[in-house]
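**Student:** the following comprises the amino acid sequence and a computationally predicted model.
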Amino acid sequence: MRALAAAVAAVLAVALAAALGSLGPGAAEAEAAPWSYAQSMSQRRSYIAAAELGGGIYAAGGMVGETGRRLATFQRFDPEANSWTTLRPLPEPIRAADAAAVGGEVYVIGGDDADGNGTDVYAYDPAEDSWESRAPLPEPRFNHSAVAQGGRIYVLGGFHEGEEHDDVFVYDAAADAWSEAAPLPRPNHAFAATVFRGEIWMIGGLRGEELLDEVWIYDPGVDSWRQGPPLPEPMELLGADVAGDEIHAVWEHVYQIYEADTGEWRPGPRSLVTRHGLNVFAVGGSLYTIGGCTTALRDSQVVERRELLDITQGG
């Protein structure tokens with residue numbers, strides 16, 4: 001009887017493996033490494049400016065509620081301890097800004113403040129738990145992206161005065177000065193940007209009423225853009241980060257993973273709580289999605305974690 005049960009179990013296991021394979025890599029991945037809940041934020045927030053520094057994730061500002069109330073909240077998530085620490089608040093409430101870390105400091109750039117779309121730049125020193133104002137953005141922006149590469153911060157696209165923009169502003173922290181790089185191939189906002197193999201990838205976005213599946217790649221060495229592999233479906237207000245030879249992009253029910261080996265995108269497992277306006281980070285061998293707004297248009301304090309097996313982080 002036991003032998004019969006073992007044989008049946010073996011047959012079922014083979015059938016399950018075949019079924020998962022027939023559904024594609026995303027289904028197999030969902031079975032192998034699904035999402036789980038990490039420690040939530042203390043407050044519901046979306047449109048947060050966030051950056052990773054020293055293995056911690058710093059989350060600044062954002063908004064909450066039907067009125068989109070701006071927040072000055074500033075916290076650090078420790079993935080190893082699975083805990084949040086509240087830090088000194090932003091100098092002013094800001095939503096839809098972005099953040100990047102360079103030179104041991106976290107920079108929160110632009111966004112929407114009480115006076116409208118802003119140019120403010122604030123630098124946070126973790127050693128002193130203090131903020132300082134830095135040289136302002138050349139022009140107001142929100143729903144832009146900021147990424148650190150080569151010791152500089154690149155601020156891409158964004159929205160202001162009712163339209164998308166194609167500017168790329170470059171911040172030199174040592175000189176506290178801004179310059180310009182080659183503009184985006186097309187105006188864009190509400191996209192994700194990340195550094196992959198030394199180049200900046202701009203993924204998805206929104207132009208007018210059109211959700212975008214576009215991917216553009218910027219090479220800082222030659223100051224030029226080229227087209228990358230398009231997303232299988234459009235995404236906007238998404239988050240993305242790099243883990244090893246993969247780019248992970250998450251938006252609502254959509255999770256796409258770009259593989260350098262194949263040059264193609266593949267689906268990943270659906271998150272537990274579908275959200276837009278979220279942040280995504282690969283830290284310590286896991287992928288984290290932080291905050292955002294649910295499809296029911298309710299801001300979320302949820303943090304989800306997905307283990308990335310046998311993957312080394314890197315940009």
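**Tutor:** Okay, I see it.
**Student:** so Arg134 makes contact with Val121?
**Tutor:** Yes - if you go by Cβ atoms under 8 Å, Arg134 and Val121 touch, sitting 4.4 Å apart. C-beta: built from backbone N, CA, C; applies to glycine.
**Student:** give me the common contacts of these two.
**Tutor:** The contact sets of Arg134 and Val121 overlap at Tyr107, Tyr171 (Cβ atoms under 8 Å, 6 or more residues apart in numbering).
**Student:** who has more neighbours out of the two?
**Tutor:** Remark: of Arg134 and Val121, Val121 carries more neighbours, 22 against 19, as counted by other Cβ atoms under 10 Å.
**Student:** who touches the more buried one in this structure?
**Tutor:** Val121 touches Tyr107, Val108, Ile109, Gly110, Ser133, Arg134, Ala135, Pro136, Leu137, Tyr171, counting by Cβ under 8 Å, 6+ apart.
**Student:** can you add secondary structure, pLDDT and distance to Ser224 and give these back as JSON lines?
**Tutor:** Converted to JSON lines, those look like this (DSSP: H, G, I helix; E, B strand; the rest coil; pLDDT from 0 to 100; distance: Cβ to Cβ, whole Å):
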{"residue": "Tyr107", "secondary structure": "strand", "pLDDT": "98", "distance to Ser224": "25"}
{"residue": "Val108", "secondary structure": "strand", "pLDDT": "98", "distance to Ser224": "29"}
{"residue": "Ile109", "secondary structure": "strand", "pLDDT": "98", "distance to Ser224": "23"}
{"residue": "Gly110", "secondary structure": "coil", "pLDDT": "98", "distance to Ser224": "24"}
{"residue": "Ser133", "secondary structure": "strand", "pLDDT": "98", "distance to Ser224": "33"}
{"residue": "Arg134", "secondary structure": "strand", "pLDDT": "98", "distance to Ser224": "28"}
{"residue": "Ala135", "secondary structure": "coil", "pLDDT": "98", "distance to Ser224": "26"}
{"residue": "Pro136", "secondary structure": "coil", "pLDDT": "98", "distance to Ser224": "27"}
{"residue": "Leu137", "secondary structure": "coil", "pLDDT": "98", "distance to Ser224": "23"}
{"residue": "Tyr171", "secondary structure": "strand", "pLDDT": "98", "distance to Ser224": "20"}
